[in-house]
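>>> sequence unknown, structure follows:
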């Protein structure tokens with residue numbers, strides 16, 4: 001089956017969800033996505049509302065922009081647990097709702113490091129006295 005046939009039969013609602021999730025995870029606004037995909041911003045909004053026109057060129061460029069493969073964009077699965085597991089890690093914390101650390105946690109870690117360092121220094125001093 002060729003890509004045109006796949007696109008004609010695509011579930012626009014599932015594509016819309018995948019498109020929006022990829023865009024948000026990438027930290028790209030609808031305006032930025034429009035510029036990078038060479039379409040109007042209202043077309044991006046329409047795509048995310050399952051009303052936009054999906055073309056082979058748009059799918060290919062979307063896959064390149066979001067660093068994914070065409071088949072995952074066109075698949076009928078909307079299993080988003082992949083996004084939750086991969087993109088919600090502290091390593092990739094660009095998703096707008098994820099916060100890997102806060103100020104108090106950072107202070108506690110620094111205090112712990114300081115205490116371990118002073119304890120190590122004190123142990124070294126005690127051992128040198130013997």
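Received it, and whenever you're ready, just let me know what you need. Because the structure is predicted, anything quoted here is derived from the model rather than measured.
>>> let's see the pLDDT reported for residue 74.
In the prediction, the pLDDT value recorded for residue 74 is 76.
>>> the helices in this structure, which residues?
Along the chain, the stretches classed as helices by DSSP state H are 3-8, 12-26, 30-37, 41-48, 56-65, 70-74, 81-87, 103-129.
>>> how about those helices in JSON lines, adding mean neighbour count?
Bear in mind the C-beta positions are built from the backbone N, C-alpha and C, glycine included. Output for the helices of the chain, formatted as JSON lines (neighbours: other Cβ atoms under 10 Å):
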{"stretch": "helix 3-8", "mean neighbour count": "12"}
{"stretch": "helix 12-26", "mean neighbour count": "18"}
{"stretch": "helix 30-37", "mean neighbour count": "17"}
{"stretch": "helix 41-48", "mean neighbour count": "18"}
{"stretch": "helix 56-65", "mean neighbour count": "16"}
{"stretch": "helix 70-74", "mean neighbour count": "15"}
{"stretch": "helix 81-87", "mean neighbour count": "12"}
{"stretch": "helix 103-129", "mean neighbour count": "9"}
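>>> these: lowest mean pLDDT?
Between the helices of the chain, the lowest average pLDDT goes to helix 81-87, which shows a mean of 48.
>>> domain map for this structure?
3-92, 100-130 (automatic domain parsing).
>>> so how far is the first one off the chain centroid?
Here the centre of mass of C-alpha atoms in domain 3-92, compared against the chain's by Cα atoms, centre = their mean, to the nearest Å, lies 12 Å away.
>>> for the last one, same thing?
The gap between where domain 100-130 is centred and where its chain is centred comes out at 35 Å by Cα atoms, centre = their mean.
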